[in-house]
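[1] fold the following and give me the result.
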Amino acid sequence: MSKRLMPSMAALQCFEAVARHLSFTRAAEELHLTQSAVSKQVAQLEQMLQHLLFRRIRRRLQLTPAGSLYLAEVNKILAQVEMSTHYILSYGGETEVLKVATQPTFGARWLIPHLKGFRHRHPNIHLDIRNELAPFDLMQAKADVAFFYGQGAWPGAECIPLFGEEVVPVCAPELLPASPLGSPLDLTRLVLLQCASRPQAWHEWFLAQNLHSEHSYHGPRFETFYMCIRAAQVGCGVALVPRFLVEDELDEGKLVIPWTYPLAGSGSYFMAYAEHAVDVPKIRHFVDWVRERIEPQATPDPAALHSSAE
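    Next comes the predicted model:
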């Protein structure tokens with residue numbers, strides 16, 4: 001196995017301090033080291049990198065192009081190390097981190113509002129909520145719990161159904177014409193906003209009404225529902241989105257439904273965790289919390305979490 005190019009943290013700190021002050025003397029004073037010690041660390045770093053990081057011009061120290069490039073990377077490394085250290089120091093000895101993966105709009109619009117109070121009930125569980133568009137990896141413990149939309153099939157995972165959805169077209173009130181629309185196809189005159197995760201959404205919405213439009217796939221494409229919703233709100237066009245994601249905008253009049261035809265989604269929203277983690281307390285507590293939040297909306301399969309009450 002080849003030797004890894006892994007400079008010491010001391011060398012990186014010395015280099016960063018010298019680059020910031022453009023002075024070995026001031027860097028040494030800040031780090032409480034001798035000037036020769038700092039100089040030696042930087043020299044060893046240059047030897048490893050096989051590039052000069054500093055040069056003297058008219059008795060003044062300057063970064064070389066390689067030094068400037070390396071400084072940007074070193075700053076990222078030192079910032080991450082410092083952040084990670086503060087991250088651990090902020091926990092008590094009994095604190096556990098629960099990694100939760102969610103699709104962006106679902107996380108912002110549904111999950112986060114339903115987390116209010118969780119910290120008070122479970123002060124020793126620190127939630128680490130992450131947006132994910134790609135499939136989550138429960139088996140490799142990159143996430144303890146994941147929320148997703150689909151059919152509820154995930155090898156090696158326990159999937160708990162939360163609720164279904166109905167999609168509706170929404171747009172800014174000022175985008176509507178003065179006269180009422182005569183047909184759903186009239187929406188194509190307003191620009192159909194496309195969501196990358198549901199590329200066939202408009203086609204299926206029209207098809208459910210026995211209609212076909214050659215414009216079903218035309219229109220600006222956005223990566224997330226949140227971006228589609230925002231685009232609709234500022235008047236870019238009409239978005240086809242799950243109604244529960246835009247309830248606030250509809251209630252406040254920021255968005256309207258130009259043609260009333262709710263279409264039931266082909267899947268449902270699920271909460272999942274690895275089968276082997278069913279008895280992990282932090283996961284069980286979180287799952288129980290979410291189940292309490294969704295019971296007024298839907299009745300999940302009571303066998304979905306057979307060990308939750310054990």
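[2] stretch 178-191: end-to-end distance?
    Distance between the two ends of stretch 178-191: 17 Å, counting by C-alpha to C-alpha, to the nearest Å.
[3] and the average pLDDT for it is what?
    Here stretch 178-191 scores 88 as its mean pLDDT.
[4] please state the offset of that stretch from the chain centre?
    Mean-position distance between stretch 178-191 and its chain equals 35 Å (C-alpha atoms, centre = their mean, to the nearest Å).
[5] pull out the buried positions in it.
    Using 16 or more other C-beta atoms under 10 Å as the test for burial, stretch 178-191 gives 184, 187-188, 190-191. For glycine as for every other residue, the C-beta is placed from the backbone atoms N, C-alpha and C.
[6] greatest separation within the residues you listed: which pair is it?
    Across those, the longest distance by C-beta to C-beta is 14.6 Å; it joins Pro184 and Val191.
[7] outline the domain layout of this protein.
    Per automatic domain parsing, the structural domains of the chain span 9-89, 96-164+267-294, 166-264.
[8] what's the least confident stretch among these?
    domain 96-164+267-294 (a mean of 88).
[9] let me know the outermost residue of this protein.
    Arg58 (49.4 Å; C-alpha atoms, centre = their mean).
[10] residue contacts, that residue?
    Applying C-beta atoms under 8 Å, 6 or more residues apart in numbering, we find Arg58 in contact with no residue.
[11] CA atoms only: put the host helix or strand of Ile129 into PDB for me.
    Using DSSP states H and E, Ile129 maps to strand 125-131. Output in PDB follows, covering the C-alpha atoms of strand 125-131 (Å, rounded to 0.1, in the frame of the first residue of the first chain):
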ATOM      1  CA  ILE A 125     -31.300  12.900  21.100                       C
ATOM      2  CA  HIS A 126     -29.600  15.400  18.800                       C
ATOM      3  CA  LEU A 127     -31.300  15.400  15.300                       C
ATOM      4  CA  ASP A 128     -29.100  15.800  12.300                       C
ATOM      5  CA  ILE A 129     -31.500  16.500   9.400                       C
ATOM      6  CA  ARG A 130     -30.100  16.300   5.900                       C
ATOM      7  CA  ASN A 131     -31.600  16.900   2.500                       C
END
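[12] list the buried ones in stretch 233-245?
    233, 236-242, 245.
[13] out of those, what pair is the most spread apart?
    The span of the buried residues of stretch 233-245, defined through C-beta to C-beta, is set by Cys236 and Pro242 at 18.8 Å.
[14] closest to Thr64 out of the buried residues of stretch 233-245?
    Closest approach to Thr64 among the buried residues of stretch 233-245 (C-beta to C-beta): Cys236, at 47.0 Å.
[15] tell me how far the closest one lies from Val18.
    Distance, Cys236 to Val18, using C-beta to C-beta, to the nearest Å: 50 Å.
[16] the closest residue to Ala108 other than its chain neighbours: neighbour count?
    Nearest residue to Ala108 in three dimensions, chain neighbours excluded: Tyr226, at 6.3 Å (C-beta to C-beta, 6 or more residues apart in numbering). The tally of other residues near Tyr226 (other C-beta atoms under 10 Å) stands at 20.
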